[in-house]
Every structure is written in structure tokens, then in C-alpha cells.
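Enquirer: Got a predicted structure plus its sequence, pasted below:
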Amino acid sequence: MIEASLSALILFMATLVSSTFGFGSALFAMPLLTLVLGLQRATPLFGLVGPTIAAIILATNWQRVEFASTWRLIVATLAGIPVGVYLLKALPSPWIIHGISVLLILYGVYRLAGARLPKVESPLWAFPFGLLAGVLGGAYNTNGPPVVVYGNMRRWPPDQFRATLQGYFLPTGIGILISHGLGGLWSMNMLQLYGISLPGILIAIGLGGWCNQNLPIERFQVLLSVLLIVLGAMLWI
């Protein structure tokens, strides 16, 4: 019972973060879920939750998705995943994890200092950012940060930022979910934990959507920077 309650609370908070900002649920949830459930159960459980969040947000926000960037990001990510898998085998995993965490923290501090990366107009920039996302995703399931940087450089407003990221995360998340099922990682206990957590997930999606629409753009950008630093620190730990 304690295990189920802690899992539901973690997934509620992770969903609230993702629904408000458009990303961060995996970086928030996976370290904590692994402590509670172990990696073998935490991974397929979140594999179900990620596409659930993306699908529900997209159902009511699909018209805000920038499709020109989304399909390019997805294609480039798929191309980069094998490179990430190779690096996972070739490099010590702490190097990869700490490298990603340092980049997140430095970028968050850079943004809080008031500096801004240059604005990019062409959606063709989605290809290099998507490729880097694929490399990081293949290495450690952290394909979100390069896509977040790309969205900031495109100057997406909060509602478009949130919706477009879900348009990117849904198909990639479905692919991960299917691979977990084919790999025999699903279990009755994992499905029960998902069912127990689902009401909280749905509430968090609605609450996060309200926060996203009512946050001023300047406040949204500041909170996003703080979130990047916090997630980077969690990943390092």
C-alpha cells in the first residue's frame, strides 16, 4: 500500500511538471520511482504514463502543434538513437549522466542570468537538435533537453511549447511502450500501479494545463530555467 501511494504521488508530481512546462516528467519521476520500485518495474510503469500524458494533452491542444518542426524532430531522433546506444556501450554511464546533468544546470543558469540564445526561424534546425535528442535518448532516455532548447530558440509561446513537445513525445513514447511489452517487462503489478495512479495523473494534467495558460510568459521562462537546474541536479544525484 505504501509502495502504491508513493508511486501515485511521484507520478502526480511528474505529470504536473510535464503538463505545465511540456517536459520533465521522466527526469523527475524515474530517479524517484527507481528508489521505490526498482528499475525493472519503474521503467515499464513510466513507459505507460509518458504516452498517456502526451495523448491527453494533444487531444485538446493538437491545433497548437508546430507540425513542421515535429516531424523533423521525430525523424532525426530516430536516426540518432542507434548512435546513443553505441555510446552507451562504449562510454562509462556516469560520464553520460553527469555530462547531461551539467549541460542542464549550465543552460538553466545561463537563462536565469538573462542571456538568450539566438532566435532561429527555419524549422530545418529541427534536424540537428533532433539528432542530438536521439543520441541522448538512446544513451539514457533523456531526449527532451535538446528539444526544449530548440523550442526556446524558436521562441514558442507557452501553449505552443507544451503542445509541440507532446506531439514529439507521443510517437517516440509509443515506440518505447511497445518495446517494453515485447521485451516482457509488463506485469500485473505494474498495470495495477498504473491504474491506481491514473486518477491523480488526470487531475495533474488538468491542473498543469491551467497553470500553463495562466502563467505570464516572463514567469514561465523563469520557472522553466529553475526547473532545468533542479532536474539537472536530480540527474547528477
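Expert: Looks like it came in fine. Numbers count the residues shown, from 1 in each chain.
Enquirer: Tell me the buried residues in the longest helix along the chain?
Expert: Using DSSP state H to define each element, the chain has its longest helix at helix 188-214. If you call a residue buried by 16 or more other C-beta atoms under 10 Å, then helix 188-214 has these buried ones: M190, L193, Y194, S197, G200, I201, A204, I205, G208, G209, C211, N212. (Glycine included, C-beta is placed from N, CA and C.)
Enquirer: Could you single out the nearest of these to L9?
Expert: L9 has its nearest neighbour among the buried residues of helix 188-214 in G200, at 7.6 Å by C-beta to C-beta.
Enquirer: My understanding was that M13 contacts L33; is that so?
Expert: No: counting by C-beta atoms under 8 Å, M13 stays clear of L33, with 11.1 Å between them.
Enquirer: Can you pick out the residue with more neighbours from those two?
Expert: Neighbour count, other C-beta atoms under 10 Å: between M13 and L33, L33 has more, with 24 against 16.
Enquirer: low-scoring stretches of the protein, by residue?
Expert: By pLDDT under 70, the low-scoring segments of the chain are 39, 88-89, 93, 96, 115, 138-141, 217.
Enquirer: That one: helices as residue ranges?
Expert: Using DSSP H, helices in the chain cover 2-21, 25-37, 39-61, 67-90, 93-112, 126-140, 144-153, 158-182, 188-214, 217-236.
Enquirer: Redo these as JSON lines? Include distance to P118.
Expert: Listed next are these as JSON lines, based on distance: least, C-beta to C-beta, whole Å:
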{"stretch": "helix 2-21", "distance to P118": "22"}
{"stretch": "helix 25-37", "distance to P118": "26"}
{"stretch": "helix 39-61", "distance to P118": "27"}
{"stretch": "helix 67-90", "distance to P118": "16"}
{"stretch": "helix 93-112", "distance to P118": "13"}
{"stretch": "helix 126-140", "distance to P118": "13"}
{"stretch": "helix 144-153", "distance to P118": "7"}
{"stretch": "helix 158-182", "distance to P118": "17"}
{"stretch": "helix 188-214", "distance to P118": "25"}
{"stretch": "helix 217-236", "distance to P118": "16"}
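Enquirer: got the contact list for the nearest residue to T15 once chain neighbours are set aside?
Expert: Spatial nearest neighbour of T15, excluding adjacent residues (C-beta to C-beta, 6 or more residues apart in numbering): A204 at 3.8 Å. Contacts were defined as C-beta atoms under 8 Å, 6 or more residues apart in numbering; by that measure A204 touches F12, M13, T15, L16, S19.
Enquirer: repeat that for 10 Å
Expert: 11-20, 25, 53, 197 (C-beta atoms under 10 Å, 6 or more residues apart in numbering).
Enquirer: ok, it to A133 distance?
Expert: Here A204 is placed at a distance of 24 Å from A133 (C-beta to C-beta, to the nearest Å).
Enquirer: do V230 as well
Expert: 20 Å.
Enquirer: Might one say that P44 is in contact with I176?
Expert: Yes: with contact defined as C-beta atoms under 10 Å, P44 counts as touching I176 (9.3 Å).
Enquirer: before we move on, back to that, could you turn the buried ones of the contacts of A204 into a PyMOL selection?
Expert: Of the contacts of A204, the buried ones can be selected in PyMOL as follows, counting by 16+ other C-beta under 10 Å:
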select buried, resi 11+12+13+14+15+16+17+18+19+20+25+53+197
